[in-house]
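Q: Below are the sequence and a predicted model; questions follow.
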Amino acid sequence: MNIVIALLIFGLIILIHEFGHFVLAKANGIFVTEFSLGMGRRLISLVPTKEGYRLRLLMSGKEYEKIESQGSKTVYSLKLLPFGGSCMMLGEDENVNDNRAFNKKGVWGRISVVFAGAFFNFILAFALAIAVIGILGYDSPIIARVSKNSAAYEAGLEEGDKIVKINNKRISVSREASAYFLFSPLTEDEVTISFERDGKVQTTTLTPKYKENYILGFTYMPDSSPATIESLYEGYPMDGAGLVPGDIITGFDGTDINTGEELTNYLEEHPLDNNQIELRYSRDGKEQVVLITPEYVGEGYELGYAMRYGYEDASILEVIKYSLVEIKYNIWVALKSFGMLLTGQAGANDIAGPVGIVNIIGDTYEASKASGGLVVFINLASLTIMLSANVGVINLLPIPALDGGRLVFLFLELVRGKPIPAEKEGMVHFIGIMALMFLMIFVIFNDIRKILPF
């Protein structure tokens, strides 16, 4: 089932991308010889005949060439390998003396056809974002908690403040506020934050504080309800001490804990270190005590505030606004992530190819299905938004063989007033295809390596 869902998602993203090329090709009077989903051998094809379209199974290359040579109508195909797709146009890779050929159209027309694939991916992401935000709402970048004696506390930030800028970077959703420091890690340098309080925008400067970080490895709801353990991180101290989700924390080093809020306040006033703590908890009405030593997980700078990750209902106009924000956010994350790969800040383990993405889709489905169909839809749609936006961004990068590489040659043609010789452009794209094939092999091998149990 997981593979079927993944193929449906991949297929939708590819179909929409190629449909973008198809629509603009038709709009510019370009003859599309074949529109296909997948790669390799043709499984099912709709072929034009004198009597209209007819279904053809396992059509050979020679049969296709015979139909193509007649040049009457487009062939529609579903191919063997469920990756990729194509919108093959007359005169796309060679000079053809036909007014319907790609090479015979004006440069702006050709630019629109090439750009349309990525643009339609953004349209798909926008349409899905409207559905998700219309149902779920949006995550306003509001501060949920400020730790005492932290940089945020000393700078005057308070719970309920809405962050609008971080170092002149406009912030629209909570995820953006968190992702900013993933791509620009904190150092000793000051951080300027603009925030909205009582309808007025204020600006303050924070000096990050350096600290060693220790954790117990659990999550809980930091509100007025009992401090019930929601989840445990496998292999960390709480898990190793035998606690389980559902246990209620009632005491820390002799201090009574009645609510999640009290636990949060205690941990803020008594940060974890390498000293052993006495933890008191309740399970099935029976209180137990265990000694646990927090685990060191590194050191670094912090600001001392946490963002709220709840969702607010959106009006119709806000649904449209935050759907556009969603696209902007995913494009920004994709570009920043690609930049980290180029600069060596991210490595092979941070890349997910087809196998890895199928695994992620499967995990998302398995984690969501118990909560019902609506949750499954929201989570898979959110994942599709991210994937579709990423496909759009990657295709627009100036890499040979991708749409972005072809756009480079078209813009060079605009500057020069004449096209780059076809044989030279073809050679560049051929090298790009070979490089992409080797990269794909590496990425698939890396995906398999990461999911193997050894």
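A: Sure thing, it's come through. Model, not experiment: these values are computed from the prediction. Residues are numbered from 1 along each chain as shown.
Q: where are the low-confidence patches of the protein?
A: Flagging of the chain using pLDDT under 70 yields the residue ranges 1, 345-356, 443-444, 446-454.
Q: where exactly do the helices run in it?
A: With DSSP state H as the definition, the chain shows helices at residue ranges 2-27, 61-70, 107-136, 151-154, 174-183, 237-240, 260-269, 316-343, 354-368, 373-396, 403-416, 422-451.
Q: ok, so what distance separates residue 180 from residue 41?
A: 47 Å (C-beta to C-beta, to the nearest Å). All C-beta atoms are positioned from the backbone trio N, CA, C, and that covers glycine.
Q: From the chain's centroid, how far away is stretch 405-424?
A: Relative to the chain's own centre, stretch 405-424 is displaced by 32 Å; criterion: C-alpha atoms, centre = their mean, to the nearest Å.
Q: Neighbour count: residue 180 and residue 41, which is higher?
A: In terms of neighbours (other C-beta atoms under 10 Å), residue 180 is the more surrounded of residue 180 and residue 41; the figures are 17 against 13.
Q: what about the nearest residue to that one once chain neighbours are set aside, how many neighbours?
A: Using C-beta to C-beta, 6 or more residues apart in numbering and skipping the chain neighbours, the partner closest in space to residue 180 is residue 166 (5.2 Å). Residue 166: 21 surrounding residues under other C-beta under 10 Å.
Q: wait, residue 166 sits on residue 193?
A: Yes: using C-beta atoms under 8 Å, residue 166 is in contact with residue 193, at 5.6 Å.
Q: picking up where we left off before, return the set of residues that bridge with the residue nearest to residue 180.
A: Beta-bridge partners for residue 166, by DSSP bridges, are residue 169, residue 193.
Q: how far away is it from residue 102?
A: 45 Å.
Q: Would you state the strands of the stretch 151-300 of the chain in chain order?
A: 162-166, 169-170, 191-197, 200-206, 209-215, 218-220, 227-232, 248-252, 255-256, 277-283, 286-292, 295-302 (DSSP state E, counting those that start in this stretch).
Q: List the contacts of the last one.
A: Which is strand 295-302. Outside of strand 295-302, the residues within contact range by C-beta atoms under 8 Å, 6 or more residues apart in numbering are 150-151, 185-188, 208-217, 236-237, 274.
Q: What count of nearby residues applies to residue 285?
A: By other C-beta under 10 Å, neighbour count at residue 285 equals 6.
Q: and what of residue 198?
A: For residue 198, using other C-beta under 10 Å, the count is 7.
Q: For it, what are phi and psi?
A: Dihedral angles phi and psi of residue 198 (degrees, to the nearest 10) take the values phi 60, psi 40.
Q: hang on, the earlier thing: to residue 281, which of the helices of the chain lies closest?
A: Proximity to residue 281 (C-beta to C-beta) singles out helix 237-240 among the helices of the chain, at 9.6 Å.
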